[in-house]
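**Student:** heads up, no residue letters with this:
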Ligand code: ADP
């Protein structure tokens, strides 16, 4: 067996692909981006700008405006005026046409958006091209369909819009998170002030251009760039009626505290530490692929990443052997290469955090296995990493790392694995791999997670609601449920 393992590892590490770089010739980027307020790009009152970089090369891409509280005030007032004078008065079926047009324009510009997403965020082009951008367009298509059917979605409840939605998003799915936030807000008749994450503003600013091109009335969507204080100014603005936040649990808690006592509505989509659970009767090869998809693709920069693996003891050796083999075939490197599986970590800060957790895992006594691949010298990269023989009390099994690091435990009984999977502050998602449908239904009842995937992982669809339990937040995005946080009854 040992000999066979060695042979198969050698076989896989011999694989080489010729470079297959995606072209960047067709993209249009400005050297400087201002704030998108009231349908126009305007200079920030703060007069401050910062550089946004490519995390794979550490090179500067553009200068981005850093909005202050005065800028946020101008944006919120523009959104309020647009709500009062135009958007709330427009027939729902007319609103739908604009949302539909935005979806079409995203589709038309998909290639440019994918390349920019990869340049600014570090994710492999395959991910932005095949997942992020098509899903973003699909969210707009889906919610365009709901705009004039709210009375059917909520019969006899006479749903009404709220007013101005303040939306703050993270860096892991920049355009997709903007779509998750903006599409349902517009479909329900609200206007928007959105802040992208400081490290990944570019596709949101391209979306601002698309919004201009779509002819959406001025002020219905405003995009302000900046850091934490810009987000805080949105949250605290008295004319904001609803706050939608995706990001860290720490900031989520702070937001909840700061709007306590106001009548602002809130949805929070926060951290996660999902359990991917493999039973002995599972299709092992598919499960291994599901684990890899769950934690290594997109550099583990996914709130619902399957960052904990529970394998039933009887198949643990086989699963771990196959997983190590698969790890050796993963291509880590230039995200613009179409063969790359694992691109760049989004920022230096995040890279340091991941490396810190790898040290913590080693110090806590877990066994580490890292791919033997080489990683580029420049840019922010980390090798895909397994921690074997971890226990519940290890920090790498409890805390969100947000990187390609998998903590593995074994289990014997179904009761044991449910207990362990749930014994965590988070509750965003989980995965179950088994041949038995009845076991899947049993597990979905007992796992305290907002999403449970069965014999697959990280699959998204605009029609399906997404959101968490416990410290993973509350409220749902996607599907009919995703309309509710933007309505009053
Ligand atoms: P992450 O760890 O994913 O970067 P953060 O919660 O720090 O998560 O960031 C998510 C988003 O929240 C970003 O757009 C960030 O600028 C914003 N943000 C950070 N601090 C605050 C704050 N105090 N109030 C509002 N938004 C904030």
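**Tutor:** Here it is on my side, so go on. Just so you know, these numbers come straight off a predicted model, no measurement behind them.
**Student:** Give the helix, strand or coil label for the closest residue to residue 32 other than its chain neighbours.
**Tutor:** Nearest residue to residue 32, sequence neighbours excluded (C-beta to C-beta, 6 or more residues apart in numbering): residue 63, at 4.3 Å. Bear in mind the C-beta positions are built from the backbone N, C-alpha and C, glycine included. Counting by DSSP: H, G, I helix; E, B strand; the rest coil, the backbone at residue 63 sits in strand.
**Student:** What distance do you get for residue 63 to residue 53?
**Tutor:** For residue 63, the distance to residue 53 equals 11 Å [C-beta to C-beta, to the nearest Å].
**Student:** neighbour count winner among those two?
**Tutor:** More crowded of residue 63 and residue 53, by other C-beta atoms under 10 Å: residue 53, with 20 against 15.
**Student:** Kindly state the beta-bridge partners for the more buried one.
**Tutor:** Judged by DSSP bridges, the bridge partners of residue 53 are residue 60.
**Student:** so what's the residue nearest to residue 32 up against?
**Tutor:** 31, 32, 33, 49, 50, 51, 52 (C-beta atoms under 8 Å, 6 or more residues apart in numbering).
**Student:** so what secondary structure elements neighbour the host helix or strand of the fifth one?
**Tutor:** Taking DSSP states H and E as the criterion, residue 50 maps to strand 49-54. Contact analysis of strand 49-54 by 3 or more C-beta pairs under 8 Å, 6 or more residues apart in numbering; DSSP states H and E lists strand 59-65, helix 110-121 as its packing neighbours.
**Student:** Now the two most distant members of the contacts of residue 63.
**Tutor:** 31 and 50 (13.5 Å; C-beta to C-beta).
**Student:** The two - which one has more neighbours?
**Tutor:** The neighbour count for residue 31 versus residue 50, taken as other C-beta under 10 Å, is higher for residue 50 (14 against 8).
**Student:** what does stretch 434-448 contact?
**Tutor:** 275, 277, 279, 281-283, 414, 418, 421-422, 427, 430, 432, 452, 454-455, 469-470.
**Student:** count of residues packed around the residue of the stretch 151-300 of the chain found nearest the ligand?
**Tutor:** In the stretch 151-300 of the chain, the residue that lies nearest the ligand is residue 231 (2.2 Å; C-beta to the nearest ligand atom). Residues near residue 231, counting by other C-beta under 10 Å, number 26.
**Student:** Over to it: give its phi and psi.
**Tutor:** Main-chain dihedrals, residue 231, degrees, to the nearest 10: phi -60, psi -40.
**Student:** thought it was touching residue 194?
**Tutor:** No: look at residue 231 against residue 194 with C-beta atoms under 8 Å: they stay out of range, at 10.4 Å.
**Student:** Find residues that contact each of the two.
**Tutor:** Both residue 231 and residue 194 are contacted by residue 168, under the criterion C-beta under 8 Å, 6+ apart.
**Student:** so what's the nearest residue to residue 324 once chain neighbours are set aside bridging to?
**Tutor:** Distances taken as C-beta to C-beta, 6+ apart place residue 369 nearest to residue 324, at 6.1 Å, with adjacent residues excluded. Assessed by DSSP bridges, residue 369 has beta-bridge partners residue 386.
**Student:** Might one say that residue 369 is in contact with residue 328?
**Tutor:** No: look at residue 369 against residue 328 with C-beta under 8 Å: they stay out of range, at 10.2 Å.
**Student:** Near the ligand, which residues of the stretch 201-350 of the chain are found?
**Tutor:** Contact residues (C-beta under 6 Å from any ligand atom) of the stretch 201-350 of the chain with the ligand: 227, 228, 231, 232, 235, 247, 248, 251, 254.
**Student:** quick one: which of those has the most company?
**Tutor:** Most crowded among these, counting by other C-beta under 10 Å, is residue 231 at 26 neighbours.
**Student:** neighbours of residue 93, just the number please.
**Tutor:** Residues near residue 93, counting by other C-beta under 10 Å: 10.
**Student:** Next, the contact list for the closest residue to the ligand within the stretch 301-450 of the chain, please.
**Tutor:** Closest residue of the stretch 301-450 of the chain to the ligand, C-beta to the nearest ligand atom: residue 402 (7.1 Å). By C-beta under 8 Å, 6+ apart, the contact list for residue 402 reads 172, 300, 301, 305, 350, 353, 354.
**Student:** could you point out which element follows the lowest-mean-pLDDT helix or strand in the chain?
**Tutor:** Sorting the helices and strands of the chain by mean pLDDT, DSSP states H and E puts helix 2-13 at the bottom, at a mean of 51. Using DSSP H and E, the next helix or strand after helix 2-13 towards the C-terminus is strand 32-33.
**Student:** That next one - contacts with which helices or strands?
**Tutor:** strand 59-65.
**Student:** Could you tell me how many residues sit around the closest residue to residue 484 other than its chain neighbours?
**Tutor:** Closest residue to residue 484 apart from its sequence neighbours, by C-beta to C-beta, 6+ apart: residue 476 at 7.4 Å. Per other C-beta under 10 Å, the neighbour tally for residue 476 reads 21.
**Student:** check contacts around residue 476.
**Tutor:** Residue 476 neighbours (C-beta under 8 Å, 6+ apart): 267, 450, 465, 466, 467, 482, 484, 485.
**Student:** measure the second one to residue 76 for me?
**Tutor:** Right, the one you point to is residue 450. 30 Å.
**Student:** Same check on residue 286?
**Tutor:** With C-beta to C-beta as the criterion, residue 286 and residue 76 are 48 Å apart.
**Student:** Break the protein into its domains for me.
**Tutor:** If you go by automatic domain parsing, the domain ranges for the chain are 32-270+472-488, 272-454.
**Student:** Next, format those as TSV and append distance to residue 23.
**Tutor:** Below are the domains of the chain laid out as TSV (distance: least, C-beta to C-beta, whole Å):
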stretch	distance to residue 23
domain 32-270+472-488	8
domain 272-454	9
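**Student:** can you tell which of those is closest to residue 17?
**Tutor:** domain 272-454 (4.5 Å).
**Student:** hmm, back to that, in helices, which of the residues of the stretch 201-350 of the chain next to the ligand appear?
**Tutor:** Judged by DSSP state H, those include 228, 231, 232, 235, 251, 254 as members of helices.
**Student:** Could you check the pLDDT of residue 15?
**Tutor:** Note on residue 15: pLDDT of 62.
**Student:** roughly how far out does the strand holding residue 50 sit from the chain middle?
**Tutor:** Remark: strand 49-54 is offset 21 Å from the chain centroid, using C-alpha atoms, centre = their mean, to the nearest Å.
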